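>>> Structural data only, the sequence is not supplied:
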Ligand SMILES: Nc1ncnc2c1ncn2[C@@H]1O[C@H](COP(=O)(O)OP(=O)(O)O)[C@@H](O)[C@H]1O
Ligand SMILES: [Mg+2]
């Protein structure tokens with residue numbers, strides 16, 4: 001059983017300290033809910049785990065089992081079994097979705113997959129996600145609705161079969177039926193042994209996927225790591241109790257926090273090359 005271990009990770013972006021000592025672990029077969037107010041570093045953590053080159057690790061380490069992945073490139077991490085479904089998937093004109101998906105499958109497996117086998121897999125996965133097959137034949141994410149982009153991220157997950165999958169607000173842009181479909185897939189994949197680290201602001205998704213654990217990120221640190229009753233508590237009362245119980249001053253999201261885009265995922269950039 002593979003375990004991803006993040007130890008005392010400190011990360012800067014453009015000279016600004018964002019992660020200030022993150023320690024957390026995720027194993028195959030478990031689903032960890034990652035909660036926290038906006039702008040506190042959740043997406044940064046996922047991008048850093050995936051090896052986004054924009055983020056600078058100033059100290060700390062990341063291991064997948066005994067393998068030190070701290071300085072691996074994104075495609076090496078993808079081959080090692082990590083996957084990130086993006087909060088804002090980029091539109092890539094001129095790259096056909098199915099070509100991209102096939103390149104991604106080939107880049108992460110030992111052998112090249114045959115055309116027949118690939119299309120069979122693609123057909124099965126699109127049916128499971130109730131996605132119209134023509135989405136696979138269009139330019140990657142171009143003109144896709146918010147929900148279609150998110151389903152396309154989960155489609156990649158189904159094809160790549162990572163050990164640990166990270167989902168960044170996968171439910172935003174999905175309607176109720178689509179959330180159910182995606183949640184069913186996550187649940188099934190967890191039973192197949194995949195591990196999940198899932199960011200969401202909504203209890204609805206967590207009600208469906210039933211995480212095994214919940215962790216809370218405040219001010220660039222994991223300040224709580226506990227059972228899933230935390231999800232309900234935060235859903236009903238917000239984060240104020242953390243201030244009083246843990247005596248942590250919760251930094252307010254400042255004006256520039258939301259204006260910065262994380263950029264597209266480096267996995268996809270590197271696979272395209
Ligand atoms: N590429 C970047 N360049 C500059 N600042 C960034 C970048 N990515 C994230 N940040 C900053 O890091 C902080 C944490 O952002 P983020 O990880 O997206 O938070 P969350 O996902 O918890 O809402 C924010 O202040 C954000 O503006
Ligand atoms: Mg985020």
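Now that the structure is in, tell me what you want to look at. All of these numbers come straight from a predicted model, not from anything done at the bench. Ligands and ions are numbered 1, 2, ... in the order given.
>>> pretty sure residue 87 is touching residue 43, no?
Yes - between residue 87 and residue 43 there is a contact under Cβ atoms under 8 Å: 5.8 Å. For every residue, glycine as well, the C-beta is placed using N, CA and C.
>>> any idea how far residue 162 is from residue 84?
9 Å (Cβ to Cβ, to the nearest Å).
>>> which of the two has more neighbours?
Applying other Cβ atoms under 10 Å to residue 84 and residue 162 shows that residue 84 carries more neighbours, namely 29 against 23.
>>> can you give me how far the helix or strand containing residue 230 is from the chain middle?
Assigned by DSSP states H and E, residue 230 falls within helix 229-237. Centroid displacement of helix 229-237 relative to its chain, using Cα atoms, centre = their mean, to the nearest Å, is 22 Å.
>>> And that helix, what's buried?
Within helix 229-237, the residues that qualify as buried are 230-231, 233-234, counting by 16 or more other Cβ atoms under 10 Å.
>>> Check stretch 82-95 too.
For stretch 82-95, using 16+ other Cβ under 10 Å, the buried residues are 82-89, 92, 95.
>>> Also stretch 214-234?
Per 16+ other Cβ under 10 Å, stretch 214-234 contains these buried residues: 214-224, 228, 230-231, 233-234.
>>> ditto for stretch 169-186
For stretch 169-186, using 16+ other Cβ under 10 Å, the buried residues are 169-174, 178-179, 181-183, 185-186.
>>> Which residues does that stretch contact?
31, 85, 87, 128-130, 145-147, 149-151, 153-154, 157-158, 167, 196, 198-202, 204-205, 208-209 (Cβ atoms under 8 Å, 6 or more residues apart in numbering).
>>> Any idea which residue of this structure lies closest to ligand 2?
Across the chain, the shortest distance to ligand 2 (Cβ to the ion) belongs to residue 43, at 3.2 Å.
>>> Give me the neighbour count for that residue.
Residue 43: 22 neighbours (other Cβ under 10 Å).
>>> Let me know the secondary structure of it.
The assignment at residue 43 comes out as helix when based on DSSP: H, G, I helix; E, B strand; the rest coil.
>>> Quick check: the gap between it and residue 248.
On the measure of Cβ to Cβ, residue 43 and residue 248 end up 20 Å apart.
>>> still on that earlier bit, what is the nearest of the buried residues of helix 229-237 to ligand 1?
Nearest to ligand 1 among these: residue 234, at 13.7 Å, using Cβ to the nearest ligand atom.
>>> So the closest one sits against residue 216, correct?
Yes - using Cβ under 8 Å, residue 234 is in contact with residue 216, at 7.3 Å.
>>> if I look at those two, which residues touch both of them?
Joint contacts of residue 234 and residue 216 (Cβ under 8 Å, 6+ apart) are residue 35.
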